[in-house]
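In: Here is a sequence together with a model predicted from it:
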Amino acid sequence: MPRRERVRHAPFEHLGPLGAQIPISTGTARLTLENDGSVLLDVNGVPSSHLHPDPEHLVFEYMRWMLLAIDLHLDLEEGRAPQLAHLGGGGCSLPRAIAARHPRSRQIVVELDELLADQVRTWFDLPRSPQLRLRVDDAMDALASWREDRFDVLVRDVFAGATTPEALTSLRAAEHAARVLRPGGLYLANCAAPPGTGLIAGEVATLSAAFAHVGVIAEPAHLSGRRRGNCVLLASDGPLPPGIDRALRSDAVSVRLAQPAQVQALARAGRVRGQG
């Protein structure tokens, strides 16, 4: 993507109370205002989203990597408004960035917490439907309900506390993801793998059983399992967007797209995860 000239953006004008425990359907949320005008959203004590007044400025590293891959993928799409779905909403940092970067896109965000979904639209001045639609539902139920060949991009970013529900890392979920994507569509998943768990290998093995092409964006220490961190899993029935690794070199973090041999080794080492 060409470098964009940065412009000043108005701060969030309709935030809820700062620093307080705000009741939501699944517990509590907390809003913390940072010095640069960005807002950290915690859900039940776990950082969920970090939103900057500039919607294209993503603070969480893994979201920057996802947006980079989505940019490259959508650059290949022509002639129609791209359709994207997000499993997991939180503050909708990534959907908000995509809406700003790709205003013709149409997005649906699935969020389990009804009160949170209602609040974040106001707090963060999110785009309205049809550009960005919020659906209150269980992520797996929504995924199973969608018709096949519906989306160009599907993103999984669902956590219960600090872990992704097992159903969404299962082979059944991967097969549904492959089913609802259009030919050549791109699946992206946020994987937060504690050291020694083999979670990345298991997820790669599972995705490799449902998709022809699988990739991993990670820092070297995360890829080797030496420390916990977020990595981004990519999967498609067609080749992954070209130029991802080259584009990643401009990120502030030393992150790379794993080499095919590394991905294949992970798939061999991992165990396909259960049916969910």
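Out: Structure's in. What do you need? Residues are numbered from 1 along each chain as shown.

In: What segments of the stretch 51-200 of the chain are helices?
Out: 61-74, 93-101, 114-123, 139-145, 171-180, 199-208 (DSSP state H, counting those that start in this stretch).

In: Name the helix or strand of this structure that has the lowest mean pLDDT.
Out: None of the helices or strands of the chain scores lower by mean pLDDT, DSSP states H and E than helix 220-223, at a mean of 76.

In: Show me what that one is packed up against.
Out: Secondary structure elements in contact with helix 220-223, counted by 3 or more C-beta pairs under 8 Å, 6 or more residues apart in numbering; DSSP states H and E, are strand 229-236. Bear in mind the C-beta positions are built from the backbone N, C-alpha and C, glycine included.

In: elements contacting the strand ranked longest in the chain?
Out: Among the segments of the chain that qualify as a strand by DSSP state E, the longest is strand 181-193. If contacts are counted by 3+ C-beta pairs under 8 Å, 6+ apart, strand 181-193 sits against helix 61-74, strand 151-156, helix 199-208, strand 229-236.

In: what's the burial count for Ala201?
Out: A count of nearby residues for Ala201, using other C-beta atoms under 10 Å, gives 18.

In: Please shift the residue numbers so they start at 365 in all later answers.
Out: From this message on, residue numbering opens at 365, which makes the last subject Ala565.

In: Wait, a strand at Val578?
Out: Yes: remark: Val578 belongs to a strand, assigned using DSSP: H, G, I helix; E, B strand; the rest coil.

In: Gly391 against Ser412, yeah?
Out: No: contact status for Gly391 versus Ser412: not in contact, 11.3 Å apart, counting by C-beta atoms under 8 Å.

In: Counting neighbours, go ahead and name the busier of those two.
Out: Neighbour count, other C-beta under 10 Å: between Gly391 and Ser412, Ser412 has more, with 22 against 13.

In: So for that one, what's the nearest residue that isn't a sequence neighbour?
Out: Nearest in space to Ser412, with sequence neighbours left out and distances taken as C-beta to C-beta, 6 or more residues apart in numbering, is Gly454 at 4.0 Å.

In: now that neighbour: how far from Pro381?
Out: Separation of Gly454 from Pro381 (C-beta to C-beta, to the nearest Å): 18 Å.

In: do the same with Leu597
Out: With distances taken as C-beta to C-beta, Leu597 is found 36 Å from Pro381.

In: And for Arg514?
Out: Noted for Arg514: a distance of 38 Å to Pro381, by C-beta to C-beta.

In: Out of the helices of the stretch 415-564 of the chain, the one nearest Pro584 is which?
Out: Ranking the helices of the stretch 415-564 of the chain by distance to Pro584, with C-beta to C-beta as the measure, places helix 563-572 first at 12.5 Å.

In: What average pLDDT does the closest one get?
Out: For helix 563-572, the per-residue pLDDT values average out at 94.

In: List the buried residues in the least confident helix or strand of the chain.
Out: For helix 584-587, the buried set under the neighbour-count rule, 16 or more other C-beta atoms under 10 Å, comprises His586, Leu587.

In: Ok, stretch 609-617 next?
Out: Within stretch 609-617, the residues that qualify as buried by neighbour count (16+ other C-beta under 10 Å) are Ala611, Leu612.
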